[in-house]
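**Student:** For reference, the sequence and a predicted model appear below.
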Amino acid sequence: MHSSHTDAQDTWVVGLLCVFGLTFLLGACSREPQATEYVARVDGSTLSRDDLAADVDTSTASGSTRQYVNDWIITELLYQEATRRGLSDSETLRRQLEQTKKRLVIAALLDKELYGAADSLTDAAVKSYFDSSGSMFTLRQDVIRASYALFSERDAANQFRSLLLRGRSWPEVVGALENDTLLANHLQQLVTGQYHTASTLYPQELWKLARSLRPGEVSFVLKASSGYYVIQLAGMKLQGETPDLDYVRDEVRNRILMEVRRTRYEKLIAELRARHTVDIRLSEPPPSSDVESH
(Lines give C-alpha, C1' and ligand atoms only; values in the text may rest on other atoms or scores of the structure.)
Protein backbone atom coordinates (compact mmCIF):
# COMPACT_ATOMS: atom_id res chain seq x y z
CA MET A 1 0.00 0.00 0.00
CA HIS A 2 2.75 2.44 0.87
CA SER A 3 5.94 3.18 -1.03
CA SER A 4 8.97 1.15 0.05
CA HIS A 5 12.22 2.96 0.71
CA THR A 6 15.50 1.03 0.88
CA ASP A 7 18.27 2.20 3.14
CA ALA A 8 21.59 1.11 1.67
CA GLN A 9 23.37 0.84 4.97
CA ASP A 10 20.56 -1.10 6.67
CA THR A 11 20.34 -3.57 3.78
CA TRP A 12 24.10 -4.03 3.77
CA VAL A 13 24.23 -4.81 7.50
CA VAL A 14 21.40 -7.35 7.18
CA GLY A 15 23.31 -9.03 4.38
CA LEU A 16 26.40 -9.23 6.52
CA LEU A 17 24.53 -10.91 9.33
CA CYS A 18 23.31 -13.60 6.93
CA VAL A 19 26.84 -15.01 6.65
CA PHE A 20 26.93 -15.64 10.41
CA GLY A 21 25.39 -19.07 9.90
CA LEU A 22 28.35 -20.17 7.76
CA THR A 23 30.87 -18.93 10.32
CA PHE A 24 29.00 -20.74 13.12
CA LEU A 25 29.12 -24.01 11.20
CA LEU A 26 32.82 -23.68 10.54
CA GLY A 27 33.43 -22.83 14.20
CA ALA A 28 31.33 -25.75 15.37
CA CYS A 29 33.22 -28.11 13.13
CA SER A 30 36.58 -27.17 14.68
CA ARG A 31 35.64 -27.72 18.32
CA GLU A 32 38.22 -29.64 20.30
CA PRO A 33 37.21 -32.56 22.57
CA GLN A 34 35.55 -31.30 25.74
CA ALA A 35 36.27 -32.49 29.24
CA THR A 36 32.57 -32.36 30.03
CA GLU A 37 30.18 -35.14 29.07
CA TYR A 38 29.36 -35.12 25.38
CA VAL A 39 26.21 -36.06 23.51
CA ALA A 40 27.82 -36.79 20.16
CA ARG A 41 31.30 -37.53 18.88
CA VAL A 42 32.96 -37.90 15.52
CA ASP A 43 36.53 -39.18 15.95
CA GLY A 44 38.24 -36.59 18.15
CA SER A 45 35.62 -33.87 17.87
CA THR A 46 32.76 -33.77 20.36
CA LEU A 47 29.49 -31.92 20.91
CA SER A 48 29.22 -31.34 24.66
CA ARG A 49 26.04 -31.03 26.66
CA ASP A 50 27.02 -27.46 27.45
CA ASP A 51 27.28 -26.64 23.74
CA LEU A 52 23.94 -28.29 23.08
CA ALA A 53 22.25 -26.41 25.92
CA ALA A 54 23.68 -23.12 24.65
CA ASP A 55 22.40 -23.63 21.11
CA VAL A 56 19.13 -25.53 21.62
CA ASP A 57 16.25 -25.18 24.07
CA THR A 58 16.37 -28.75 25.38
CA SER A 59 13.22 -28.20 27.44
CA THR A 60 11.09 -28.22 24.28
CA ALA A 61 10.19 -31.19 22.10
CA SER A 62 13.07 -33.62 21.75
CA GLY A 63 12.70 -33.65 17.98
CA SER A 64 14.56 -30.35 17.59
CA THR A 65 17.41 -31.63 19.79
CA ARG A 66 17.77 -34.83 17.73
CA GLN A 67 17.73 -32.80 14.52
CA TYR A 68 20.42 -30.46 15.83
CA VAL A 69 22.64 -33.39 16.88
CA ASN A 70 22.13 -35.09 13.51
CA ASP A 71 22.98 -31.85 11.68
CA TRP A 72 26.09 -31.44 13.82
CA ILE A 73 27.26 -34.97 12.98
CA ILE A 74 26.70 -34.49 9.25
CA THR A 75 28.50 -31.14 9.36
CA GLU A 76 31.41 -32.67 11.27
CA LEU A 77 31.70 -35.57 8.83
CA LEU A 78 31.76 -33.21 5.85
CA TYR A 79 34.23 -30.89 7.55
CA GLN A 80 36.63 -33.67 8.44
CA GLU A 81 36.49 -35.02 4.90
CA ALA A 82 37.15 -31.54 3.48
CA THR A 83 40.06 -31.15 5.89
CA ARG A 84 41.46 -34.56 4.90
CA ARG A 85 41.49 -33.41 1.30
CA GLY A 86 43.36 -30.23 2.23
CA LEU A 87 40.52 -27.87 1.42
CA SER A 88 40.61 -26.16 4.83
CA ASP A 89 44.13 -24.85 4.23
CA SER A 90 43.54 -23.22 0.87
CA GLU A 91 44.52 -19.59 0.40
CA THR A 92 41.12 -18.85 -1.09
CA LEU A 93 39.34 -20.13 2.01
CA ARG A 94 41.71 -18.21 4.28
CA ARG A 95 40.88 -14.98 2.48
CA GLN A 96 37.15 -15.74 2.59
CA LEU A 97 37.29 -16.42 6.33
CA GLU A 98 39.25 -13.25 6.93
CA GLN A 99 36.75 -11.22 4.94
CA THR A 100 33.86 -12.88 6.77
CA LYS A 101 35.42 -12.09 10.14
CA LYS A 102 36.02 -8.49 9.09
CA ARG A 103 32.43 -8.06 7.94
CA LEU A 104 31.00 -9.55 11.12
CA VAL A 105 33.13 -7.26 13.26
CA ILE A 106 32.01 -4.28 11.16
CA ALA A 107 28.42 -5.42 11.54
CA ALA A 108 28.86 -5.51 15.32
CA LEU A 109 30.27 -1.98 15.26
CA LEU A 110 27.46 -0.64 13.09
CA ASP A 111 24.86 -2.41 15.19
CA LYS A 112 26.22 -0.66 18.27
CA GLU A 113 26.57 2.74 16.62
CA LEU A 114 23.44 2.87 14.43
CA TYR A 115 20.70 0.81 16.01
CA GLY A 116 20.24 2.43 19.41
CA ALA A 117 17.83 5.03 18.07
CA ALA A 118 14.65 2.99 18.52
CA ASP A 119 14.74 3.24 22.31
CA SER A 120 14.78 7.02 22.26
CA LEU A 121 12.13 7.53 19.58
CA THR A 122 9.10 9.01 21.35
CA ASP A 123 5.48 9.18 20.23
CA ALA A 124 5.80 12.97 20.17
CA ALA A 125 8.68 12.69 17.70
CA VAL A 126 6.67 10.34 15.50
CA LYS A 127 3.69 12.70 15.50
CA SER A 128 5.85 15.74 14.78
CA TYR A 129 7.47 14.00 11.81
CA PHE A 130 4.09 12.89 10.48
CA ASP A 131 2.59 16.38 10.86
CA SER A 132 5.40 17.87 8.81
CA SER A 133 5.68 15.06 6.25
CA GLY A 134 2.22 13.50 6.07
CA SER A 135 2.03 13.97 2.31
CA MET A 136 4.80 11.37 1.93
CA PHE A 137 2.35 8.70 3.09
CA THR A 138 -0.46 9.39 0.62
CA LEU A 139 -2.89 6.49 0.35
CA ARG A 140 -2.87 4.36 -2.77
CA GLN A 141 -6.27 2.84 -2.00
CA ASP A 142 -9.32 3.57 0.13
CA VAL A 143 -9.02 2.74 3.82
CA ILE A 144 -11.75 2.54 6.42
CA ARG A 145 -11.65 2.16 10.18
CA ALA A 146 -14.57 0.13 11.43
CA SER A 147 -15.87 -2.27 14.04
CA TYR A 148 -18.03 -5.25 13.24
CA ALA A 149 -19.61 -8.29 14.87
CA LEU A 150 -20.57 -11.59 13.27
CA PHE A 151 -23.39 -13.69 14.73
CA SER A 152 -24.69 -17.12 13.90
CA GLU A 153 -28.35 -15.99 14.17
CA ARG A 154 -30.19 -12.95 12.85
CA ASP A 155 -32.05 -12.29 16.12
CA ALA A 156 -28.77 -12.00 18.02
CA ALA A 157 -27.39 -9.60 15.39
CA ASN A 158 -30.56 -7.49 15.55
CA GLN A 159 -30.39 -7.35 19.34
CA PHE A 160 -26.76 -6.23 19.19
CA ARG A 161 -27.63 -3.60 16.56
CA SER A 162 -30.54 -2.26 18.61
CA LEU A 163 -28.22 -1.61 21.54
CA LEU A 164 -25.98 0.49 19.28
CA LEU A 165 -28.93 2.40 17.85
CA ARG A 166 -29.92 3.47 21.36
CA GLY A 167 -26.84 5.64 21.45
CA ARG A 168 -24.50 3.38 23.38
CA SER A 169 -20.88 3.24 22.26
CA TRP A 170 -19.35 0.17 20.71
CA PRO A 171 -17.22 -0.64 23.82
CA GLU A 172 -20.32 -0.29 26.01
CA VAL A 173 -22.34 -2.66 23.85
CA VAL A 174 -19.46 -5.14 23.72
CA GLY A 175 -19.32 -5.02 27.52
CA ALA A 176 -23.05 -5.70 27.73
CA LEU A 177 -22.63 -8.53 25.24
CA GLU A 178 -20.07 -10.22 27.47
CA ASN A 179 -22.58 -10.23 30.31
CA ASP A 180 -25.36 -11.66 28.17
CA THR A 181 -24.59 -15.39 27.92
CA LEU A 182 -27.33 -16.14 25.41
CA LEU A 183 -26.26 -13.36 23.07
CA ALA A 184 -22.57 -14.11 23.50
CA ASN A 185 -23.14 -17.75 22.54
CA HIS A 186 -24.15 -16.63 19.04
CA LEU A 187 -21.15 -14.33 18.60
CA GLN A 188 -18.67 -15.76 16.09
CA GLN A 189 -16.30 -12.85 15.49
CA LEU A 190 -15.75 -9.42 17.03
CA VAL A 191 -13.49 -6.72 15.55
CA THR A 192 -13.10 -3.33 17.20
CA GLY A 193 -11.66 -0.18 15.60
CA GLN A 194 -9.44 -1.79 13.00
CA TYR A 195 -8.29 -0.43 9.64
CA HIS A 196 -9.41 -2.26 6.51
CA THR A 197 -8.99 -2.10 2.76
CA ALA A 198 -11.01 -3.83 0.08
CA SER A 199 -8.58 -6.75 0.21
CA THR A 200 -8.64 -7.18 4.00
CA LEU A 201 -12.36 -6.80 4.74
CA TYR A 202 -14.43 -9.68 3.49
CA PRO A 203 -16.87 -10.88 2.38
CA GLN A 204 -17.02 -8.29 -0.39
CA GLU A 205 -20.56 -7.32 0.57
CA LEU A 206 -19.28 -6.19 3.97
CA TRP A 207 -16.78 -3.84 2.34
CA LYS A 208 -19.45 -2.39 0.07
CA LEU A 209 -21.78 -1.92 3.04
CA ALA A 210 -19.09 -0.18 5.09
CA ARG A 211 -18.28 2.17 2.19
CA SER A 212 -21.90 3.27 2.09
CA LEU A 213 -21.99 4.37 5.75
CA ARG A 214 -21.25 7.72 7.32
CA PRO A 215 -18.78 7.94 10.24
CA GLY A 216 -20.54 6.71 13.37
CA GLU A 217 -23.41 5.11 11.46
CA VAL A 218 -24.51 1.54 12.25
CA SER A 219 -25.42 -0.74 9.36
CA PHE A 220 -28.44 -2.95 8.90
CA VAL A 221 -27.90 -6.65 9.56
CA LEU A 222 -26.07 -8.13 6.58
CA LYS A 223 -26.66 -11.79 5.81
CA ALA A 224 -23.64 -13.59 4.36
CA SER A 225 -22.57 -17.19 3.95
CA SER A 226 -20.62 -17.01 7.22
CA GLY A 227 -23.47 -15.52 9.27
CA TYR A 228 -25.02 -12.15 10.15
CA TYR A 229 -22.91 -8.99 10.30
CA VAL A 230 -23.38 -5.65 12.03
CA ILE A 231 -20.78 -3.02 11.21
CA GLN A 232 -20.18 0.51 12.46
CA LEU A 233 -17.99 2.89 10.52
CA ALA A 234 -15.54 5.02 12.51
CA GLY A 235 -13.88 6.81 9.61
CA MET A 236 -12.81 6.65 6.00
CA LYS A 237 -9.85 7.91 3.99
CA LEU A 238 -9.89 7.83 0.21
CA GLN A 239 -7.14 7.10 -2.27
CA GLY A 240 -4.88 10.15 -2.58
CA GLU A 241 -5.63 11.45 0.91
CA THR A 242 -3.30 11.52 3.91
CA PRO A 243 -4.05 8.59 6.23
CA ASP A 244 -4.52 8.62 9.98
CA LEU A 245 -1.25 8.51 11.89
CA ASP A 246 -2.24 5.25 13.57
CA TYR A 247 -2.55 3.57 10.18
CA VAL A 248 1.04 4.40 9.17
CA ARG A 249 2.67 4.73 12.59
CA ASP A 250 5.10 1.85 12.03
CA GLU A 251 6.07 3.19 8.61
CA VAL A 252 6.68 6.64 10.06
CA ARG A 253 8.87 5.18 12.81
CA ASN A 254 10.87 3.16 10.29
CA ARG A 255 11.41 6.21 8.09
CA ILE A 256 12.65 8.26 11.05
CA LEU A 257 14.97 5.47 12.15
CA MET A 258 16.41 5.13 8.64
CA GLU A 259 17.19 8.83 8.56
CA VAL A 260 18.71 8.76 12.04
CA ARG A 261 20.84 5.75 11.14
CA ARG A 262 21.98 7.36 7.89
CA THR A 263 23.01 10.48 9.78
CA ARG A 264 24.86 8.44 12.40
CA TYR A 265 26.61 6.43 9.69
CA GLU A 266 27.76 9.53 7.82
CA LYS A 267 28.99 11.08 11.09
CA LEU A 268 30.90 7.92 11.98
CA ILE A 269 32.57 7.76 8.57
CA ALA A 270 33.50 11.46 8.80
CA GLU A 271 35.09 10.92 12.23
CA LEU A 272 37.05 7.93 10.96
CA ARG A 273 38.25 9.85 7.92
CA ALA A 274 39.54 12.60 10.19
CA ARG A 275 41.26 10.10 12.51
CA HIS A 276 43.09 8.01 9.91
CA THR A 277 45.49 8.68 7.06
CA VAL A 278 44.21 7.21 3.80
CA ASP A 279 46.36 6.91 0.71
CA ILE A 280 44.75 5.91 -2.60
CA ARG A 281 47.03 5.25 -5.54
CA LEU A 282 44.56 4.55 -8.29
CA SER A 283 44.65 6.54 -11.47
CA GLU A 284 40.92 7.08 -11.11
CA PRO A 285 39.19 6.43 -7.73
CA PRO A 286 35.92 4.47 -7.74
CA PRO A 287 33.05 6.95 -8.26
CA SER A 288 30.97 5.57 -5.36
CA SER A 289 33.81 5.21 -2.84
CA ASP A 290 33.06 6.29 0.74
CA VAL A 291 36.74 7.14 1.28
CA GLU A 292 38.59 10.06 -0.27
CA SER A 293 42.29 10.87 -0.47
CA HIS A 294 43.69 13.22 2.15
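**Tutor:** Received, thanks.
**Student:** The host helix or strand of residue 95: which residues count as buried?
**Tutor:** Following DSSP states H and E, the helix or strand that holds residue 95 is helix 91-114. Buried residues in helix 91-114, defined by neighbour count with 16 or more other C-beta atoms under 10 Å: 100, 103, 107, 110, 114. Just so you know, the C-beta spots here come from the backbone N, C-alpha and C atoms, and that holds for glycine as well.
**Student:** can you pull out the strands in the stretch 151-294 of the chain?
**Tutor:** 187-196, 222-224, 227-237 (DSSP state E, counting those that start in this stretch).
**Student:** Just say which of these is most tucked in.
**Tutor:** Comparing the strands of the stretch 151-294 of the chain by mean neighbour count (mean count of other C-beta atoms under 10 Å), strand 227-237 comes out on top with a mean of 20.
**Student:** Tell me which other helices or strands it touches.
**Tutor:** strand 143-151, helix 154-165, helix 204-211, strand 222-224 (3 or more C-beta pairs under 8 Å, 6 or more residues apart in numbering; DSSP states H and E).
**Student:** residues near residue 76, how many?
**Tutor:** By the measure other C-beta atoms under 10 Å, the count of residues near residue 76 is 22.
**Student:** What does the pLDDT read for it?
**Tutor:** Looking at residue 76, its pLDDT stands at 93.
**Student:** and the closest residue to it other than its chain neighbours, how many neighbours?
**Tutor:** Excluding the flanking residues, the one nearest residue 76 by C-beta to C-beta, 6 or more residues apart in numbering is residue 42, at 4.2 Å. By other C-beta under 10 Å, 16 other residues sit near residue 42.
**Student:** Figure out which of the strands of the stretch 151-294 of the chain is closest to residue 163.
**Tutor:** Relative to residue 163, the nearest member of the strands of the stretch 151-294 of the chain by C-beta to C-beta is strand 227-237, separated by 9.8 Å.
**Student:** Of all the strands of the stretch 151-294 of the chain, which one comes closest to residue 210?
**Tutor:** The nearest among the strands of the stretch 151-294 of the chain, by C-beta to C-beta, is strand 227-237 at 5.4 Å.
**Student:** any residues touching that closest one, and which ones?
**Tutor:** 139, 142-154, 156-157, 160-161, 164, 170, 188, 193, 206, 209-211, 213-219, 221-222, 243-244, 247 (C-beta atoms under 8 Å, 6 or more residues apart in numbering).
**Student:** thinking again about what came up before, would you mind measuring from the residue nearest to residue 76 to residue 136?
**Tutor:** For residue 42, the distance to residue 136 equals 56 Å [C-beta to C-beta, to the nearest Å].
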